[in-house]
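[1] Kindly return the folded structure for what I paste below:
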Amino acid sequence: MGKNSSGSPTRPSLLRRLCDAGDTRSWQTFVDVYGPLIYRHARGRGLQDADAAEVTQEVLFQVSRSIQNFEYRPEQARFRDWLGTVTENKIRSFCTRQAGTVRARGETGTQDALAGIAATAQDTSWEEEFNGHLLQAALARTRPHFEEQTWRAFELVWRDQHSEAEVARELGQRINWVYLAKSRVLKRLRAEVQELAEDMPLLLR
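    This is a model prediction of the structure:
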């Protein structure tokens, strides 16, 4: 699709495409989008770099095994909740394994620290992290489809909350052009969000 296009992707969502075990391209997209989210969440739970990377791989492996049997009913089981549960379970399992190892070595301080991470695993802001991360991923995927001035108009109005009249003056454009630029980018952004996680609330105005 061309750089100036604001057309919406028409292919099925990423989550539905993952049900095809042979769709390696969609799986790589999933890893690229969701891997950093899982890793950052694990780091936020107190895991070290290598440990967070290990947990991330365990979560992705579990998703790859389970996604084809995941019954996708957004009104009953949202994907972000399912992924959050898998992630928290893997963090707790990792901490339990590590705690057992350090217990055998008599490293009480390390054991207590790991137990603390596992015990507080549910005290998270996963939904907020998920939504924020997916929005940033969708913005990054949307950006290449628009020229610099169109994108700048969108940022000034949508992100920086400038009025359309102010942006028109700053960019030397008519106000109708600013409204259209914002509308075109938002249309594409909504489509990207829907493709990445179709049960994510569309709080894009």
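
[2] helices and strands of the chain: which one has the lowest mean pLDDT?
    One helix or strand of the chain scores below all others by mean pLDDT, DSSP states H and E: helix 108-119, with a mean of 47.

[3] after that helix, next one along is what?
    helix 126-142 (DSSP states H and E).

[4] Need the contact partners of that next one.
    Judged by CB atoms under 8 Å, 6 or more residues apart in numbering, the contacts made with helix 126-142 from elsewhere in the structure are 33, 36-37, 40-41, 44, 80-81, 83-84, 87-88, 185, 188-189, 192-193, 196-197, 200-201. C-betas here are computed from N, CA, C, even on glycine.

[5] For ChimeraX, write the select line for the buried members of these.
    Of the contacts of helix 126-142, the buried ones can be selected in ChimeraX as follows, counting by 16 or more other CB atoms under 10 Å:
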select :33,37,41,80,83,84,87,88,185,188,189,192,193,196,197,200
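
[6] Just the ones of the contacts of helix 126-142 in helices?
    33, 36-37, 40-41, 44, 80-81, 83-84, 87-88, 185, 188-189, 192-193, 196 (DSSP state H).

[7] Show me which residues of stretch 128-148 are buried.
    Of the residues in stretch 128-148, those buried under the neighbour-count criterion (16+ other CB under 10 Å) are 129-131, 133-135, 137-139, 141-142, 145-146.

[8] which of these lies closest to Asp160?
    Closest approach between the buried residues of stretch 128-148 and Asp160, by CB to CB: Leu139, at 14.0 Å.
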